[in-house]
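A.B. asks: Curious how this folds, go ahead:
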Amino acid sequence: MVQLICSEFDEFEEALYGVQGRYVLRTRQQRDWQLNVVDLNGVALMSGREGAGTVYTGIGLPGYFNIFVPLTAHESTVVDGHAFNRRRVGWMVPNAMFHINAKSPASWLTVAMSCELVLRWAAMREDEFDFSLLHRNLVSNAQRHLGPLLWLARRLFHIDAHAPQALHTDAAEQAARTEVLDVVFRLLLPVDPVHAAPRHNRDHKDILRRALELLDTLDIQSVYTEDICQATCASERTVRNVFNEYLGMSPHRYLMIRRLHAIRAAIRHAGPEDTITHICARFGVWDFGRFASLYRQYFGTLPAQSLKAAKALSHL
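C.D. replies: Sure thing, here's the model as predicted:
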């Protein structure tokens, strides 16, 4: 994780991720400038604490979309002429200029997302994605509460600072990227599966059969909802409705439970040198605290206790 604390704004300005621009101070500097960045190889979360009231004029870098969320000084922040409150978010597209006016020192969170990942996410959900988001900056009220995004960001910053080896494997970064993108766009998009008409009148049993066949033939740690969409030639909304209709849960939850079962099986067949960290890394688990809680919720014991019992049995 990039961590920066500086007394002057110039260094802070140069370290910003996904955008390029210039600060003009509108008040006397009152504190140091602080910046934290978690880079997930295509998605980056950045938290900043500015040292003064500022006007920032910037442009989104080619290849990146950005979402901007003030954490403090909401009422004194204005983006492109739009006054903020605790529900509003700013959306910046590549190569488009924007202006952020903060009358007092502010803290904020941004998420920079590569165009490739955003376009892939949109293609999987084209029946509910507002493609005008790809072409213009906007300021809007979040469709849902911002809490899930802020909680996820705090967890990622904490883990990247204290256990980076858990987060920066290929599988873990992919899982974290997917979770961040899903939370970001669920906040922006008005998703209403009940009233939205499906684009394809497909046989739901056939979609479910193909989805379960995919899970039976592939390693569960490498499967995501978008893989199910591709295998079944169905939209993400349709797949979500099918899983809720027949299995009583979303594809994301079903995959999470299947992954927990796969990890449990790996623990029960662990070798002498295996650790929970190594096993979890293979399955893209990056938040060990949340994983351990879910594992105990479903299996009544902690992962470390399961591993200890499995190794004891192997010596009998």
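
A.B. asks: Next, name the residue at the spatial heart of the protein.
C.D. replies: For the chain, the residue nearest the mean C-alpha position is residue 180 (0.6 Å; C-alpha atoms, centre = their mean).

A.B. asks: Please spell out which residues along the helix or strand that residue falls within are buried.
C.D. replies: Counting by DSSP states H and E, the element that carries residue 180 is helix 170-188. Using 16 or more other C-beta atoms under 10 Å as the test for burial, helix 170-188 gives 171-185, 187-188. C-beta: built from backbone N, CA, C; applies to glycine.

A.B. asks: where exactly do the strands run in the chain?
C.D. replies: Ranges of strands within the chain are 2-6, 19-25, 33-39, 43-49, 54-60, 64-70, 77-79, 82-83, 88-92, 97-102, 107-114, 138-141, based on DSSP state E.

A.B. asks: how does this structure divide up, domain by domain?
C.D. replies: Domain segmentation of the chain under automatic domain parsing yields 2-168, 197-243.

A.B. asks: Can you check the distance spanned by the longest one, start to finish?
C.D. replies: Taking C-alpha to C-alpha, to the nearest Å, the span from the opening residue of domain 2-168 to its closing residue is 14 Å.

A.B. asks: between the strands of the chain, which one is nearest to residue 265?
C.D. replies: strand 43-49 (30.0 Å; C-beta to C-beta).

A.B. asks: mean confidence score for the closest one?
C.D. replies: Average pLDDT, strand 43-49: 96.

A.B. asks: try stretch 230-238
C.D. replies: Mean predicted lDDT for stretch 230-238 stands at 87.

A.B. asks: what sits against the nearest residue to residue 228 once chain neighbours are set aside?
C.D. replies: In space, and not counting its chain neighbours, residue 228 is closest to residue 211: 4.8 Å by C-beta to C-beta, 6 or more residues apart in numbering. Taking C-beta atoms under 8 Å, 6 or more residues apart in numbering, we find residue 211 in contact with 228, 231, 232, 239, 242, 243, 251.

A.B. asks: Would you mind measuring from the fifth one to residue 186?
C.D. replies: Which is residue 242. 19 Å (C-beta to C-beta, to the nearest Å).

A.B. asks: do the same with the fourth one
C.D. replies: The span separating residue 239 from residue 186 equals 15 Å under the rule C-beta to C-beta.

A.B. asks: Check the burial of residue 253 by counting its neighbours.
C.D. replies: For residue 253, the count of nearby residues is 13 (other C-beta atoms under 10 Å).

A.B. asks: cool, and the one 4 residues further on?
C.D. replies: For residue 257, the neighbour count with other C-beta under 10 Å is 14.

A.B. asks: And the spatially closest residue to it that is not a sequence neighbour, how far from residue 182?
C.D. replies: Of all residues not flanking residue 257 in the chain, residue 298 sits nearest, at 7.2 Å (C-beta to C-beta, 6+ apart). According to C-beta to C-beta, residue 298 stands 22 Å off from residue 182.

A.B. asks: Could you report the neighbour count for residue 280?
C.D. replies: So residue 280, with other C-beta under 10 Å, has 25 neighbours.

A.B. asks: And for the one 4 residues further on?
C.D. replies: The number of residues packed near residue 284 is 19, by other C-beta under 10 Å.

A.B. asks: tell me the contacts of it?
C.D. replies: Neighbours of residue 284 in contact, by C-beta under 8 Å, 6+ apart: 169, 171, 172, 174, 175, 221, 259.

A.B. asks: a markdown table for these, including distance to residue 90?
C.D. replies: Converted to a markdown table, the contacts of residue 284 look like this (distance: C-beta to C-beta, whole Å):
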| residue | distance to residue 90 |
| --- | --- |
| 169 | 32 |
| 171 | 32 |
| 172 | 29 |
| 174 | 27 |
| 175 | 27 |
| 221 | 35 |
| 259 | 34 |
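
A.B. asks: nearest to residue 6, of these?
C.D. replies: Taking C-beta to C-beta as the measure, residue 172 is the one of the contacts of residue 284 closest to residue 6, at 30.1 Å.

A.B. asks: For the closest residue to the closest one other than its chain neighbours, give me its contacts.
C.D. replies: Closest residue to residue 172 apart from its sequence neighbours, by C-beta to C-beta, 6+ apart: residue 286 at 3.9 Å. Taking C-beta under 8 Å, 6+ apart as the criterion, residue 286 is in contact with 159, 166, 167, 172, 173, 175, 176.

A.B. asks: can you pull the pLDDT of the fourth one?
C.D. replies: In the prediction, the pLDDT value recorded for residue 172 is 91.
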